[in-house]
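Asks: I would like to see how this sequence folds:
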Amino acid sequence: MGLIRVVERMSMDREFDHLAPEYKDLLKDPVRDYFAAESEFFLTRKIDMLLEFATRQGLDTRQATWLDVGCGKGELLRAARQHFAKALGCDVSLGMMAACSDLEVVHQADPQRLPFADGSVDWVTSVCIFHHINPEERAPVVAEIHRVLRPGGIFANIEHNPLNPAVQLIVRRTPIDVNARLLTARTARRLSRAAAMETVATRYFLYVPQRLYGWAGLIERALDRAPLGGQYVVFARKPA
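Replies: Coordinates of the predicted model:
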């Protein structure tokens, strides 16, 4: 059983190493491209969600150390590092991390062990990572996130929303997600609770395409508790 799991993890690492050179092109899909032609819009909306939450909670991210678990090629780290005192990343794929020479990143040799000290970061994000992890192996990863967070630290788990039909269609057609097992926000909350973290908020976003967001953004924000957006973020806090 243990050997099988090791082989599966090594296979996933090699898969992303193999996909790394064409990763951006492999994400292309007619429905996704209709929503936003480039990835910058998706990154901006994620950063919006993080900063809006911080503002509501009275948290100053400029004083915080942030870790992006599964940072990939570092797109989110580059886009959001200006908002944090320190930005770190880790990933299991050396092929993906080859594009991160300008960032402070560490290779995660063991998928279930984060290469950081206990209580060393204030914020942790994971962006569309858990649907690539076998369901029975998700809890140990969240437990590791709890370990590296300081007391009172925030874990923001961002995932595709399986309740959105367009998301289901895109995931089925995307080579990168061929083995994906989408999880609901309810499952994400349960994972945080199992790791002794308190769920603070759940927000849904990506309701409207980029070309409409300029005037429909307020509508999207008004719907952020309705479970229909393309993605969601579950915010959890490690007890102080």
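Asks: please make it C-alpha for all contacts and neighbour counts, starting now.
Replies: Fine.
Asks: may I have the helix or strand residue 152 falls within as PDB, with CA atoms only?
Replies: Using DSSP states H and E, residue 152 falls within strand 149-160. Provided in PDB are the C-alpha atoms of strand 149-160 (Å, rounded to 0.1, in the frame of the first residue of the first chain):
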ATOM      1  CA  LEU A 149       1.300  28.500  10.500                       C
ATOM      2  CA  ARG A 150       1.900  30.700  13.500                       C
ATOM      3  CA  PRO A 151      -0.800  30.900  16.100                       C
ATOM      4  CA  GLY A 152      -3.600  33.000  14.600                       C
ATOM      5  CA  GLY A 153      -2.300  32.400  11.100                       C
ATOM      6  CA  ILE A 154      -4.600  32.200   8.100                       C
ATOM      7  CA  PHE A 155      -5.000  29.300   5.600                       C
ATOM      8  CA  ALA A 156      -6.700  30.300   2.300                       C
ATOM      9  CA  ASN A 157      -7.700  27.200   0.300                       C
ATOM     10  CA  ILE A 158      -8.700  28.200  -3.200                       C
ATOM     11  CA  GLU A 159     -10.300  25.600  -5.400                       C
ATOM     12  CA  HIS A 160     -12.500  25.000  -8.500                       C
END
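Asks: what residues sit buried inside that strand?
Replies: By 16 or more other C-alpha atoms under 10 Å, the buried positions in strand 149-160 come out as 149, 150, 151, 153, 154, 155, 156, 157, 158, 159, 160.
Asks: packing partners of whichever helix or strand comes after it?
Replies: Under the assignment DSSP H and E, the closest C-terminal helix or strand after strand 149-160 is helix 165-173. On a contact count with 3 or more C-alpha pairs under 8 Å, 6 or more residues apart in numbering; DSSP states H and E, helix 165-173 meets helix 30-35.
Asks: would you mind writing the CA trace of the helix it packs on as CSV?
Replies: Presented in CSV, the C-alpha positions along helix 30-35 are these (Å, rounded to 0.1, in the frame of the first residue of the first chain):
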residue,chain,number,x,y,z
PRO,A,30,-12.8,27.8,-25.4
VAL,A,31,-15.0,28.3,-22.3
ARG,A,32,-12.1,29.5,-20.1
ASP,A,33,-10.8,31.8,-22.9
TYR,A,34,-14.3,33.3,-23.3
PHE,A,35,-14.3,34.1,-19.6
